[in-house]
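In: sequence and predicted structure, then a few things I'm wondering about:
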Amino acid sequence: MTALALSIGLVASAAAAQEAPAGPDRNFFVFTGRMLDADMGESVNVIGADYEDNYITGLGVQSFFLHSRRTSVGYELGIATRYGEDRTTEAWGGLVARIDNWQLARNIFLSPSIVFGLSYVDAAHAGREQRLEAEYDGDAQLVFYLSPELDFKVSPESRYSFFWRLHHRSGAWKTLGDMKGASNANVFGLRVRF
C-alpha cells in the first residue's frame, strides 16, 4: 500500500513538473512608494490609508526553483532606501510563493504572491516605526518581512510586468525585537524576467 501511494505521488509529481509553465524563472524588480502610519490591515486601503511624509525606493531579485502547473516557489533578496523625515537603509530576504497567470481579461494576467522572510534596517525610521519602537521598548532592526503582491502582465510569456506590493515589516506580536509591528508601505513597481 505504501509503495502504491509512493508510486502515485511520483507519477503526479512528474506530470505536474511536465505541465509547469515554460519561460524564465528569475526576475529583477524595482519599486517606489510611500510609507504609512497604519497597521497591515489598514494599509491595504491604498487610497484611504493614512500616509506619512516618508518614502521607500528599492530593488530586488527573485529566483524560482520549484514549479507545479499553477504555482511556483523560490526566494527573494532586496535592498531599499527609506527617506523623508530621515534616511535609513533596509535589506531583506525570504521565500516567495506565487500563483501563476490567472487570466482576468484577454490581455491581463494576474500572478498573486507572498514573500515571508527577515528584514534588517540600519536604524528605525522616523514616524510610525520609531514611535512603535519607543512604545514597546523594542528593537526594530531585525524583524519579519511579509509582503503580499499582485503582479499584472499582458501575456503569460511577457518578460515585463507591473505590480503593487504591501511592503510590511513586523515583530509578529513581539516574537522578534519585542515589536508588535514596525512599518508598512504601499509600493508600485516594474519587473523584468530573465
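Out: The structure has been received and is ready for your questions. Residues are numbered from 1 along each chain as shown.
In: quick one: secondary structure of residue 188?
Out: Recorded secondary structure, residue 188: strand (DSSP: H, G, I helix; E, B strand; the rest coil).
In: okay, now it: neighbour count?
Out: Residues lying near residue 188 (other CB atoms under 10 Å) number 13. All C-beta spots, glycine's among them, are computed from the backbone N, C-alpha and C.
In: just confirm it contacts residue 34, I think it does.
Out: No. Residue 188 is beyond contact range of residue 34, at 9.8 Å (criterion: CB atoms under 8 Å).
In: now the residue nearest the centre of the chain: which helix or strand?
Out: Nearest to the geometric centre of the chain sits residue 147, at 3.4 Å (CA atoms, centre = their mean). Element membership for residue 147 (DSSP states H and E) is strand 142-153.
In: so how far is that strand off the chain centroid?
Out: Offset of strand 142-153 from its chain centre (CA atoms, centre = their mean, to the nearest Å): 2 Å.
In: may I have the phi/psi pair for residue 41?
Out: Dihedral pair for residue 41: phi -60, psi -40, per degrees, to the nearest 10.
In: pull the longest strand from the protein.
Out: For the chain, the strand with the greatest residue count under DSSP state E is strand 51-67.
In: that older thread, next helix or strand past the strand holding residue 147?
Out: strand 160-170.
In: quick one on the thing from earlier: list the residues that contact the residue nearest to the centre of the chain.
Out: Neighbour list for residue 147: 114, 115, 116, 165, 166, 167, 168 [criterion: CB atoms under 8 Å, 6 or more residues apart in numbering].
In: hmm, 6 Å instead?
Out: Residue 147 makes contacts with 115, 165, 167, 168, as judged by CB atoms under 6 Å, 6 or more residues apart in numbering.
In: next SSE after the helix or strand of the chain at the bottom of the mean pLDDT ranking?
Out: Across the helices and strands of the chain, mean pLDDT, DSSP states H and E gives its lowest value to helix 2-19, namely a mean of 40. Helices and strands here follow DSSP H and E; after helix 2-19, the next one along the chain is strand 26-36.
In: point out where this structure drops to low pLDDT.
Out: 1-24 (pLDDT under 70).
In: returning to that earlier point: got the contacts of residue 147 as CSV, with distance to residue 137 and neighbour count columns?
Out: Listed next are the contacts of residue 147 as CSV, based on distance: CB to CB, whole Å; neighbours: other CB atoms under 10 Å:
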residue, distance to residue 137, neighbour count
115, 28, 25
165, 30, 22
167, 25, 29
168, 22, 22
